[in-house]
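In: predicted model follows, preceded by the sequence.
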Amino acid sequence: MTTEATTRRRGPYGMEYARIEVPDLAASIEFLQYHVGLQLEQHDEEYAFLRADIEHHSIELVAAPHREVSWTTAVGFSVESDAVLDDLRERVTDAGHEVLELADRVKGLVQRGFAVRDPNGLIVELFTEFVEYAEPPLVELRPLDLVHPFLATDKYEETLDFYTRVLGFLPSDYVGDVTVFLRSEDRYHHSLALQRNKEFYVAHLCFMMKSFDHVMRGRARAQYKQVPIASDLVNHSASTSIAFYLHDPKHGPRYELCDRHRVFTPEEQETHRARRMAVDPRNIDVWRPAADDWGRF
Ligand SMILES: [Fe+2]
C-alpha cells in the first residue's frame, strides 16, 4: 500500500438502513416481508423496523397517511470508529454544512453519531456501533445485506462533490457524466450511486440475496402477485451483480434484489482506478445486444 493510501481520510463504512414514509404502514410491512424477505421486529401505529440480517434494521417505515406514494427521507451509514466519525464531522463543518442530531428513534440504537442534509435535502445519518441481534432471522428467503441507495438528482455535480470531497466516498466507475458509482469502506463496488436527472428522488435500494436462486424466487413472487418488475434481469457491468427491480411506489423506491455484488480486495480498495465508460446500455447491462437497447430499463 502506498503512503497516500495509508493516510487517506476514511469515509463511512457501509449502508445500514433507509427511512421511508409510506401511506399505508400495514400494507408496506406485508410487502417488505413477502417480496423482499425482511423480518418485522418492532412497530406501533407510527413506525416499523424490519431487518435483513443481524443488524438492527434495514428499513424503517414511517406512517404517512397524507402521502399517495412513498418518500424516502433518510439513509443511515455506519462508521468504523470514533476517530473516523470525528473526522467526518470536521469535514462536514468545514464544508459549511449544518451538523444535525440523529433521529430520536435511532439515538438509542447507536453509540455516537450525527446527521447532515445532502444537497438534495436527503438526511444522511452517520454513527458508530449500530446495535445488532445475536442471530439472523430464522427465515430462509431473505437478504444478507442492504448494499446501496441509488439517487437520481438534478444537482449531480454538487451531490458528487458532497459525497466524495466531504464524506469521503471513492468513485468506482463512471458512465459518461450521467452516472457514478461510489464506494465506502465496506469495499462493495458501490455503497451509493448517483444519476443525473431532472429531479431528485431515491430511485432504488439494493438488497443482496444469498444466491441467484433466491433472486429468482423473489422474481417469481413478484410475478405471482403481479407487482410490477420495473427492470427485469440485468447483468451489471459495474458491480458484476445479476439483479432485477420490483416497484410498487406505495411501498418504497424500486427494490433491487441482487446476487454477487462485487467486493474489492483491501488492495483494490486503495488502488482501483475508476473506469470512464461510454453512455451505452451495454455498459450498464452487459447482456444488452446493441447500443440502442435502452427500452427495458
Ligand atoms: Fe443498484
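Out: Structure's in. What do you need?
In: tell me where the protein has helices.
Out: In the chain, helices defined by DSSP state H lie at 3-6, 25-31, 82-94, 104-107, 156-161, 212-224, 266-271, listed in chain order.
In: in the last one, which residues are buried?
Out: The reference is to helix 266-271. Within helix 266-271, the residues scored as buried using 16 or more other CB atoms under 10 Å are Gln269. Every C-beta, even on glycine, is put in place using the N, C-alpha and C of the backbone.
In: ok now that helix, how far from the chain's centre?
Out: 21 Å (CA atoms, centre = their mean, to the nearest Å).
In: ok, back up a step: closest one to the ion among the helices of the chain?
Out: Closest to the ion of those, according to CB to the ion: helix 212-224, at 13.0 Å.
In: that closest one - contacts with which helices or strands?
Out: Contact partners of helix 212-224 among helices and strands, from 3 or more CB pairs under 8 Å, 6 or more residues apart in numbering; DSSP states H and E: strand 229-235, strand 242-246, strand 254-259.
In: among these, which comes closest to the ion?
Out: Closest of those to the ion is strand 254-259, at 4.7 Å (criterion: CB to the ion).
In: if I look at the closest residue to the ion within the chain, how far off is Tyr255?
Out: Relative to the ion, the nearest point of the chain is Cys206 (4.0 Å; CB to the ion). Separation of Cys206 from Tyr255 (CB to CB, to the nearest Å) stands at 8 Å.
In: for Gln223, give me its contacts.
Out: Ile229 (CB atoms under 8 Å, 6 or more residues apart in numbering).
In: check Ala278 too.
Out: By CB under 8 Å, 6+ apart, the neighbours of Ala278 are 175-176.
In: can you confirm whether stretch 221-236 lies near the ion?
Out: No - Stretch 221-236 lies apart from the ion when judged by CB under 5 Å from the ion; the minimum separation is 7.5 Å.
In: buried residues in that stretch, which are they?
Out: Buried residues in stretch 221-236, defined by neighbour count with 16+ other CB under 10 Å: 221-222, 227, 229-231, 233-234, 236.
In: now swap in stretch 190-198 and tell me
Out: For stretch 190-198, by 16+ other CB under 10 Å, it's 190-194, 196.
In: up against the ion, what does this protein have?
Out: 150, 206, 256.
In: can you select the buried ones from those in ChimeraX?
Out: The ChimeraX selection below is limited to those of those classed as buried (16+ other CB under 10 Å):
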select :150,206,256
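In: what about the protein, any weak spots by pLDDT?
Out: Residues of the chain meeting the criterion pLDDT under 70: 1-6.
In: domains for it, by residue range?
Out: 3-127, 143-283 (automatic domain parsing).
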